[in-house]
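Novice: next input, structure requested:
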Amino acid sequence: MARAAPLSPVEVRGRSPDTLSERPPSVTASRGRRAFSFRSSSGTASGPNQRGSTLVRIYRRSASAVLASALLLATLVPGVALAQTTPEEAVPAAAGHLAEALVDGERIETTFDGVTYPDQGLTADVLLALAGSGVAADHIEAATDWLDSQAGAYTGTASGAVYAGAVSKLLIVTSATGRAPTMGDIDLVATLASTEDGDGRFSDDSEFGDFSNVITQSLGVIGLVRAADAAPSTAAVDYLAGQACADGGFPAQLDPETCSSDVDATGFAVQALLAAGEDVVAGDAVQWLLDEQASDGGLGNPDAGPNANSTGLAAVAFSVAGEEAAASDARTFLVGLQEDCTGVAPGGIRFSAGDAGDVTRATAQALPGLTGVGLLEVTADGAVDEIAGLDCPTRFPDVDYPTTVHAEGILELTRREVVQGRADGTFGPDASISRGQFASWFAGVTGLEPVAETSFTDIDGSVHAGAIAALEDAEAISGYGDGTFRPSAPVTRGHAASILANWLGLDPVEDDAFVDIADSTHRTSISAAAEADLVQGRDGRYEPGAALQRDQAASLLFSLAILLDTTS
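Specialist: As a prediction, this is how the structure comes out:
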């Protein structure tokens with residue numbers, strides 16, 4: 001008789017559920033970052049200094065193209081990496097995120113409605129993903145020990161229940177880590193066998209009902225294939241194979257009234273069927289996945305669209321089935337979802353282009369897709385302790401990197417050690433930047449050496465004196481009529497535009513580019529910078545007298561750094 005679970009498994013973005021657990025799933029709010037743009041609130045401008053006509057010509061020829069390129073890159077998926085261009089480069093960054101996500105190096109915790117829970121299932125997923133990457137051996141061992149201590153709670157046996165999916169996953173973990181098929185004094189093989197009914201179905205036994213599904217059945221088959229002195233029964237394998245829909249794919253639920261193929265379930269089923277020697281049924285399932293793959297390499301179910309979770313599972317299925325072209329396309333899709341240093345989780349894989357979801361859950365499924373290592377062959381044998389991770393500069397606690405348009409600038413100037421933050425460890429993004437400090441940042445980006453001699457009467461003793469004198473020597477600044485520079489005063493947007501225009505040797509432009517600059521002493525420089533596509537206003541205004549903020553200054557100098565790197 002056909003049976004169905006009393007409730008559908010909880011679907012979580014970035015998670016392929018194996019079994020119901022006592023703790024609720026994590027639901028993470030989607031976060032995005034606005035497109036980077038030069039506008040009146042950013043105080044932006046960019047370029048090098050009047051270092052001769054050659055540099056000026058190079059600048060005028062390339063400035064628009066360079067800045068347009070920077071704008072284009074930043075208007076792509078918020079927080080998604082552009083540095084990783086291949087799966088080989090993306091793997092260590094993703095592994096680094098997962099290792100970093102392990103609390104005390106041993107477990108994943110999930111917070112739901114303000115309450116934090118230990119997440120044994122996701123910990124196992126992370127462990128297996130790291131093992132397939134060949135890194136974080138010490139974390140793998142610690143996580144395995146922690147799972148051993150949690151086995152009773154995770155499998156339900158501590159409370160008189162048995163969750164077949166949890167037992168199966170732990171069985172795979174013990175095989176992958178070279179341990180006996182026992183955890184928490186639980187004989188995993190015998191316990192899994194006790195959940196198998198006469199039809200070959202692995203079912204949950206709990207007061208909450210039976211939540212077993214196609215993923216549960218697949219994990220059970222794989223676990224028993226891997227376990228020493230054990231093997232799945234013919235009935236268990238036949239039962240799984242018999243769940244195939246007419247189109248060759250597999251449904252999420254077992255024995256559904258209407259068979260509708262599901263990418264996640266099919267990805268797991270392919271691995272299990274190939275492990276058990278059911279090549280024909282597995283081949284039909286792979287063909288269904290191939291037909292479902294989008295032109296960008298992604299896969300997903302209709303309600304979720306292409307996403308990292310489904311694509312990662314399909315990529316593994318393609319790899320173990322020998323469909324390398326499809327696997328490669330899927331990996332390319334996954335690489336495109338990897339977050340860079342500005343993201344909510346650097347190195348992690350977003351659930352989808354428009355929704356970060358639970359990045360750790362998504363990465364735990366995506367990383368095996370990047371490595372191509374399936375559940376049958378994954379092993380911690382040979383894994384090293386070292387974790388490369390994503391090489392990100394220190395992130396300041398008061399900068400919301402995934403949302404601010406100035407994240408790239410702040411990170412790059414931090415990487416170059418141009419900025420170190422304030423004494424309390426913060427960056428102060430909304431604070432104004434002083435004229436002296438702006439001079440030091442400018443000198444740091446351009447490589448100007450400090451100069452001792454200066455005509456300014458008020459910079460002696462300032463930590464910025466050498467940089468100020470260097471900019472004066474380069475004729476980028478001239479100070480005030482009374483001979484002072486006023487290093488502690490805020491630098492304005494107009495003055496910033498003049499410094500850049502002077503440094504680049506841009507010719508003054510008399511036609512006002514903005515409606516509010518006619519009375520500004522910097523009007524011709526602002527217009528010159530605007531003509532060179534260095535600055536933009538908003539609603540026709542530039543606000544030349546407004547103080548430049550520290551985050552805005554970072555964006556301005558980041559653009560200058562791009563230009564210097566391009567023309568060097």
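Novice: for this protein, what helix or strand is lowest in average pLDDT?
Specialist: Lowest on mean pLDDT, DSSP states H and E among the helices and strands of the chain sits helix 53-74, with a mean of 34.
Novice: after that helix, which helix or strand is next?
Specialist: For helix 53-74, the following helix or strand on the C-terminal side (DSSP states H and E) is helix 87-101.
Novice: just to be sure, residue 530 is in a helix?
Specialist: Yes. Counting by DSSP: H, G, I helix; E, B strand; the rest coil, residue 530 falls inside a helix.
Novice: not counting its neighbours along the chain, what's nearest it?
Specialist: Excluding the flanking residues, the one nearest residue 530 by CB to CB, 6 or more residues apart in numbering is residue 513, at 3.7 Å. The way it works is simple: take the backbone N, C-alpha and C, and place the C-beta from them, glycine included.
Novice: surely that neighbour and residue 536 touch.
Specialist: No. Residue 513 lies out of contact with residue 536 (CB atoms under 8 Å); the separation is 9.2 Å.
Novice: okay, now the unreliable bits of this protein?
Specialist: Low-confidence segments of the chain (pLDDT under 70): 1-85, 567-568.
Novice: which one in it is furthest away from the centre?
Specialist: The centre of the chain is farthest from one residue, residue 482, which by CA atoms, centre = their mean lies 52.2 Å away.
Novice: any residues in contact with both of residue 513 and residue 536?
Specialist: Common contacts of residue 513 and residue 536 (CB atoms under 8 Å, 6 or more residues apart in numbering): residue 530.
Novice: excluding its backbone neighbours, what's nearest residue 516?
Specialist: In this structure, residue 516 finds its nearest non-sequential neighbour in residue 541, 4.6 Å apart by CB to CB, 6+ apart.
Novice: how many residues are close by the one you found?
Specialist: Using other CB atoms under 10 Å, residue 541 has 13 neighbouring residues.
Novice: for it, give its distance to residue 520.
Specialist: Distance of residue 541 to residue 520, given as CB to CB, to the nearest Å: 12 Å.
Novice: which parts of stretch 204-212 are buried?
Specialist: 204-206, 210-212 (16 or more other CB atoms under 10 Å).
Novice: nearest to residue 470, of those?
Specialist: Nearest to residue 470, judged by CB to CB, of the buried residues of stretch 204-212 is residue 211 at 68.4 Å.
Novice: how distant is stretch 212-221 from the center of its chain?
Specialist: Between the mean C-alpha location of stretch 212-221 and the chain-wide mean there is a distance of 29 Å, by CA atoms, centre = their mean, to the nearest Å.
Novice: can you check stretch 254-264 too?
Specialist: 31 Å.
Novice: my read: residue 93 touches residue 338, true?
Specialist: Yes. The criterion here is CB under 8 Å, and residue 93 meets it with residue 338 at 6.4 Å.
Novice: between these two, which one's more packed in?
Specialist: Taking neighbours as other CB under 10 Å, residue 93 and residue 338 compare with residue 338 leading, 33 against 29.
Novice: so the more buried one bridges to which residues?
Specialist: Residue 338 has these beta-bridge partners by DSSP bridges: residue 349.
Novice: any idea how far it is from residue 462?
Specialist: Residue 338 is 43 Å from residue 462, by CB to CB.
Novice: which stretches of the stretch 401-550 of the chain form helices?
Specialist: Secondary structure of the stretch 401-550 of the chain, counting by DSSP state H, counting those that start in this stretch: helices at 407-415, 435-446, 465-473, 493-504, 523-531, 550-567.
Novice: specify the stretch among those that is closest to residue 170.
Specialist: helix 407-415 (40.0 Å).
Novice: quick one: buried residues of whichever strand or helix holds residue 166?
Specialist: Per DSSP H and E, residue 166 falls inside helix 164-176. By neighbour count with 16+ other CB under 10 Å, helix 164-176 contains the buried residues 164-176.
Novice: do stretch 147-156 as well
Specialist: Across stretch 147-156, burial judged by 16+ other CB under 10 Å covers 147-148, 150-151, 153-156.
Novice: still on that earlier bit, would you list the buried residues of helix 164-176 in a markdown table and tack on distance to residue 322?
Specialist: Shown next, in a markdown table, are the buried residues of helix 164-176 (distance: CB to CB, whole Å):
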| residue | distance to residue 322 |
| --- | --- |
| 164 | 30 |
| 165 | 28 |
| 166 | 31 |
| 167 | 30 |
| 168 | 25 |
| 169 | 26 |
| 170 | 29 |
| 171 | 26 |
| 172 | 22 |
| 173 | 26 |
| 174 | 28 |
| 175 | 23 |
| 176 | 22 |
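Novice: on the three-state scheme, residue 232 is what?
Specialist: With three-state DSSP as the basis, residue 232 sits in coil.
Novice: next up, the contacts around the residue nearest to residue 332 when sequence neighbours are not counted.
Specialist: Among residues not flanking residue 332 along the chain, residue 297 sits closest, at 5.0 Å (CB to CB, 6+ apart). Going by CB under 8 Å, 6+ apart, residue 297 touches 311, 326, 328-333.
Novice: for residue 171, same thing?
Specialist: Counting by CB under 8 Å, 6+ apart, residue 171 makes contact with 181, 188-189, 192, 223-224, 226-227.
Novice: which helices and strands does the helix or strand hosting residue 283 pack with?
Specialist: Using DSSP H and E, the element containing residue 283 is helix 279-292. Secondary-structure packing of helix 279-292 (3 or more CB pairs under 8 Å, 6 or more residues apart in numbering; DSSP states H and E): helix 263-275, helix 308-320.
Novice: residue 298: how many residues sit nearby?
Specialist: Neighbours of residue 298 under the rule other CB under 10 Å: 25.
Novice: if we look at stretch 422-436, which residues are touching it?
Specialist: Looking at stretch 422-436 with CB under 8 Å, 6+ apart, the contacting residues turn out to be 396-399, 404, 406, 410, 419, 421, 441, 459, 462-464, 467-468, 485-491, 495, 547-551, 553.
Novice: name the residues of it that come out as buried.
Specialist: Neighbour counts over stretch 422-436 (16+ other CB under 10 Å) mark 427-429, 432-436 as buried.
Novice: before we move on, what about stretch 190-207?
Specialist: Residues 191-193, 195-196, 200-206 are the ones in stretch 190-207 that count as buried (16+ other CB under 10 Å).
Novice: among these, which are located in strands?
Specialist: Using DSSP state E, no member of the buried residues of stretch 190-207 falls within strands.
Novice: list the buried residues for stretch 365-380?
Specialist: The neighbour-count check on stretch 365-380 (16+ other CB under 10 Å) flags 365-376, 378-380 as buried.
Novice: no no, stretch 341-358
Specialist: Neighbour count says stretch 341-358 has 341-353, 355-358 buried, by 16+ other CB under 10 Å.
Novice: got it, and stretch 471-485?
Specialist: Neighbour counts over stretch 471-485 (16+ other CB under 10 Å) mark 471-474, 476-477, 479, 485 as buried.
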